[in-house]
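Peer 1: Just need the structure, nothing else, for what follows:
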Amino acid sequence: MEYKYEKLTDKIYVCASTDHRFGTDAFLLADFSQYRAKDKACDLGTGCGIIPMIMQKQRPPQITYAVDIQEGAIEQLKLGLERSETSGIVPVCADLKVLWDDAPLGQLDLVTCNPPYKADNAGFQSAITAQRIARHEIMCNIDDICRAAGKLLKFGGRLCMCNRPERLSDVIFAMKNNDIEPKRLRMVSKNPEEAPWLFLIEGKKGSKPFMKIEPQLYIRSGDGFSDELRKIYNTGKENV
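Peer 2: Numbers count the residues shown, from 1 in each chain. From the prediction side, this is the model:
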């Protein structure tokens, strides 16, 4: 396996590969989660650990469990941690459908997840198993993720996810089915002329119904990135 170390700051590096890499959506989700220094957090399906590593740049949570079912992903995260100066990231190789021994049930303030976007039988499937797991609901589906988050979160704890717009109703249904009430929604478009390609959603465990629709986020402005995206990237990857 060939690894590449992506520099987030002079002290934080993410180990990426063809199997476990990252994109813009990870930066958008980390920013949208509004994580706090006092939080106890968990990133489900962490891959190379990009979201917990982004969170290290500013006010990192006091602890972040970085969970993935694939040993290769957790190994990459550990390689990135070895090269970086971080605090509070706990790599966990586990199946989120059953969690793990001594999992912090009912204790977490925040759960994040950048899930597989496609149903198992939808769209072209990569021949690389790790990429198929990352892109299609082979090992878990949206309801599995929300059920796991519901077990981990304390009352009032937040689940933040991203997904494709065509899966919005599935995500809302899965959240509600697991006592997580959708509270915040934001659509993401490349520019004002194009339809959204991504949404960001936050749900709170045990909350009453009321959802805020936030202003649309645009990726591009003219021939370059929008000012907001530049600001988001500035809290994460350098030299974008």
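Peer 1: Touching stretch 26-40 from outside, list them.
Peer 2: Stretch 26-40 is contacted by residues 41, 50-51, 54-55, 59-63, 104, 107-110, 112, 114, 158, 160-162, 186, 188, 198, 200, 202, 217, 232-233, 235-237 when judged by C-beta atoms under 8 Å, 6 or more residues apart in numbering. C-beta here means a position set from N, CA and C on the backbone, and glycine is covered the same way.
Peer 1: Buried subset of these as a PyMOL selection?
Peer 2: Of the contacts of stretch 26-40, the buried ones can be selected in PyMOL as follows, counting by 16 or more other C-beta atoms under 10 Å:
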select buried, resi 41+50+51+54+55+60+61+63+104+108+109+110+112+114+158+160+161+162+186+188+198+200+202+217+232+233+235+236+237
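Peer 1: Run through the residues that contact the spatially closest residue to Leu81 that is not a sequence neighbour.
Peer 2: Nearest-residue entry for Leu81: Ile89, 6.3 Å, with adjacent residues in sequence omitted and distances by C-beta to C-beta, 6 or more residues apart in numbering. In this structure, Ile89 makes contact with Gly49, Pro52, Met53, Gln56, Thr64, Ala66, Leu77, Leu81, judged by C-beta under 8 Å, 6+ apart.
Peer 1: How about Phe68: which residues does it bridge to?
Peer 2: Quick fix: residue 68 reads Asp, not Phe. Asp68 forms beta bridges with Cys93, as assigned by DSSP bridges.
Peer 1: wouldn't it be in contact with Gln76 here?
Peer 2: No. Counting by C-beta atoms under 8 Å, Asp68 sits too far from Gln76 to count as a contact (9.3 Å).
Peer 1: Could you please give me the overlap between the contact lists of those two?
Peer 2: With C-beta under 8 Å, 6+ apart applied, the overlap between the contact sets of Asp68 and Gln76 consists of Gly47.
Peer 1: on that earlier part again, take the contacts of Ile89 and keep only those in strands.
Peer 2: Counting by DSSP state E, the part of the contacts of Ile89 found in strands is Thr64, Ala66.
Peer 1: which residue ranges form the helices in this protein?
Peer 2: All helices of the chain, identified by DSSP state H, fall at 24-32, 50-54, 71-83, 129-135, 142-152, 168-177, 227-234.
Peer 1: so can I have TSV of the ones you listed showing mean pLDDT and distance to Trp100?
Peer 2: Supplementary listing: the helices of the chain in TSV, determined by pLDDT from 0 to 100; distance: least, C-beta to C-beta, whole Å:
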stretch	mean pLDDT	distance to Trp100
helix 24-32	97	23
helix 50-54	97	16
helix 71-83	96	12
helix 129-135	52	18
helix 142-152	97	11
helix 168-177	97	21
helix 227-234	92	31
